[in-house]
Each structure stands twice: as structure tokens, then as C-alpha cells.
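Participant: Provided below are the primary sequence and the corresponding predicted coordinates.
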Amino acid sequence: MWRIGLWYEACITANPLLTKSITTAVIAGLGDILGQRIDGSWSTHRFLLMLLTGAVFTGPWLHRWYSVLFRLVPGTTNSAVLR
């Protein structure tokens, strides 16, 4: 498990936007699979739409949003953020 963390850290350092987009797509896709299993139905179209939305919209948008937040909020410790 530790190696996966090191590999992910290397990927996010080398290419943060692509890594975050892929990660978001995987999380959105897995969440949709779980939701559809709970619902008792399956739609490949819905699943692919969730993957695409995570990769193309949500991942890049959150990458930019957190870049803005890190510039606006000085420091990243809990106490600095709460000030």
C-alpha cells in the first residue's frame, strides 16, 4: 500500500492536472457503480457520463479552485487556515 502512495505522489508531482483528472474520474465512476448497484439498475451511458464528467470537468475545476485557495489563504496548517 505504501508503494501506491509513493507512486501517486510521484505522478501528482510530475503531472498534477492529469493525475487529479484521472483520480476524479475513477472516484466518480466507482461512486456511480455503487449507486447503480444500490438502485438495482445498470446504465453504461450514465457510468461513462460520470467518468467523463469527473475527468473533463470536476478534476480540472477542483485543481484550479484549490490553486486559488492556496494563493488566498496563507499557510496550510490547520491553525493558519482557521485564522
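Facilitator: Perfect, I can see it now.

Participant: mind checking the longest helix of the protein?
Facilitator: Determined from DSSP state H, the single longest helix within the chain is helix 16-39.

Participant: going by neighbour count, which residues in it are buried?
Facilitator: Residues of helix 16-39 classed as buried under the neighbour-count rule (16 or more other CB atoms under 10 Å) are 19-25, 28-29, 32, 36. C-beta: built from backbone N, CA, C; applies to glycine.

Participant: of all the residues you listed, which comes closest to Ala55?
Facilitator: Closest approach between the buried residues of helix 16-39 and Ala55, by CB to CB: Ala25, at 3.7 Å.

Participant: tabulate the buried residues of helix 16-39 (JSON lines), appending pLDDT and distance to Thr44.
Facilitator: Below are those laid out as JSON lines (pLDDT from 0 to 100; distance: CB to CB, whole Å):
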{"residue": "Thr19", "pLDDT": "96", "distance to Thr44": "26"}
{"residue": "Lys20", "pLDDT": "95", "distance to Thr44": "25"}
{"residue": "Ser21", "pLDDT": "96", "distance to Thr44": "21"}
{"residue": "Ile22", "pLDDT": "96", "distance to Thr44": "20"}
{"residue": "Thr23", "pLDDT": "96", "distance to Thr44": "22"}
{"residue": "Thr24", "pLDDT": "97", "distance to Thr44": "20"}
{"residue": "Ala25", "pLDDT": "97", "distance to Thr44": "15"}
{"residue": "Ala28", "pLDDT": "97", "distance to Thr44": "15"}
{"residue": "Gly29", "pLDDT": "97", "distance to Thr44": "11"}
{"residue": "Asp32", "pLDDT": "97", "distance to Thr44": "11"}
{"residue": "Gln36", "pLDDT": "97", "distance to Thr44": "10"}
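
Participant: how about the residues you listed, which pair is most distant?
Facilitator: Thr19 and Gln36 (26.1 Å).

Participant: what stretches of this protein score poorly on pLDDT?
Facilitator: Filtered on pLDDT under 70, the chain yields the residue ranges 76-78, 80-83.
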